[in-house]
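J.: For reference, the sequence and a predicted model appear below.
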Amino acid sequence: MKLIILDRDGVINHDRADYVKSADECVPIDGSIDAIARLHKAGFTVVVATNQSGLARGKFDLDDLEAMHEKITGLVEEQGAELGAIFYCPHAPEDNCKCRKPMPGMVDAIEAEFNISAEGFYFVGDSLRDMQAAITKGCKPALVKTGNGEKTLGQLTDQSLQTDSPLMQLEQVQVFDNLAAAADFIIAQPDGH
C-alpha cells in the first residue's frame with residue numbers, strides 16, 4: 001500500500017482567516033481535486049489529516065464539518081477516485097490533546113486504521129505544524145506554497161539560520177507551488193517514497 005497524507009485547509013481548499021465554516025466556504029484550490037484523483041489512480045491511499053479547532057471554538061458544528069468533507073469527497077468521486085479517509089482534530093490548542101498537529105496523534109490513528117507505518121511516505125501541508133507532524137512520524141514533509149505555505153517557507157528559512165533549531169531544517173522539506181505540482185512529483189517516485 002502506498003500512503004499519502006494531506007492537510008486540508010490551504011492544501012485542498014482555500015483557507016480563511018475566519019475559519020472555513022460551511023460547505024459553501026469550502027472552495028477547492030485550482031487543481032487540487034484533480035491532484036487527489038491522480039494520486040488515487042496512481043495507487044495511493046489518500047488520507048486527510050486536518051486540525052479543526054473551529055469546532056472547539058464554536059465557529060461551526062459537526063454537521064457543518066461533515067458537510068464540508070462530503071463536498072470534498074463528492075468532488076473527488078466525480079473524478080472517478082476516492083479519499084481513503086478524513087481524520088480531524090476537534091480540539092483547541094489550549095486543550096493540549098495528542099491529535100492536534102504538530103502532535104502525532106492523527107498520524108498514529110491513520111497508521112492504526114490502515115495497519116501501516118507512515119514512515120517514508122509523503123505528508124503534504126502548508127503550515128509549520130504539518131511539517132513538524134511529518135518529521136515526528138518519519139514522513140517526508142512536502143510544503144505547498146498555497147494557503148499559509150509562503151509564510152511557512154519564510155518561517156523555515158528563518159528557523160534554518162538558527163543552529164539550535166530543534167526539529168527541522170529547511171533542507172528536510174520539499175517545496176511545491178501547489179498540490180498539483182506535489183502530486184506530479186510524488187507520482188513519479190518509485191513506490192511512492
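T.: Okay, I see it. Just so we're clear, the structure is a prediction, and the values are computed from it rather than from any experiment. Numbers count the residues shown, from 1 in each chain.
J.: these two touch, right, residue 147 and residue 124?
T.: No: contact criterion C-beta atoms under 8 Å: residue 147 and residue 124 do not qualify, at 10.9 Å. (Each C-beta comes from the backbone N, C-alpha and C, glycine too.)
J.: Do you know the pLDDT at residue 164?
T.: Predicted confidence (pLDDT) for residue 164: 48.
J.: partner strands of the longest strand belonging to the chain, parallel or antiparallel?
T.: Counting by DSSP state E, the longest strand found in the chain is strand 44-51. If you go by DSSP bridges, strand 44-51 pairs up with strand 2-6 (parallel), strand 85-89 (parallel).
J.: CSV for those, including mean pLDDT?
T.: Formatted as CSV, the strands paired with strand 44-51 follow (pLDDT from 0 to 100):
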stretch, mean pLDDT
strand 2-6, 97
strand 85-89, 98
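J.: which of those strands sits most buried?
T.: Greatest average neighbour count among the strands paired with strand 44-51 goes to strand 2-6 (a mean of 24), per mean count of other C-beta atoms under 10 Å.
J.: Please enumerate the strands of the protein.
T.: Under DSSP E, the chain gives strands at 2-6, 44-51, 85-89, 122-125, 140-144, 174-176.
J.: As JSON lines, the strands paired with strand 44-51 with distance to residue 115 would be great.
T.: Shown next, in JSON lines, are those (distance: least, C-beta to C-beta, whole Å):
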{"stretch": "strand 2-6", "distance to residue 115": "11"}
{"stretch": "strand 85-89", "distance to residue 115": "13"}
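J.: Ok, which of those comes nearest residue 25?
T.: Distance to residue 25, taken as C-beta to C-beta, is lowest for strand 85-89 among the strands paired with strand 44-51, at 16.0 Å.
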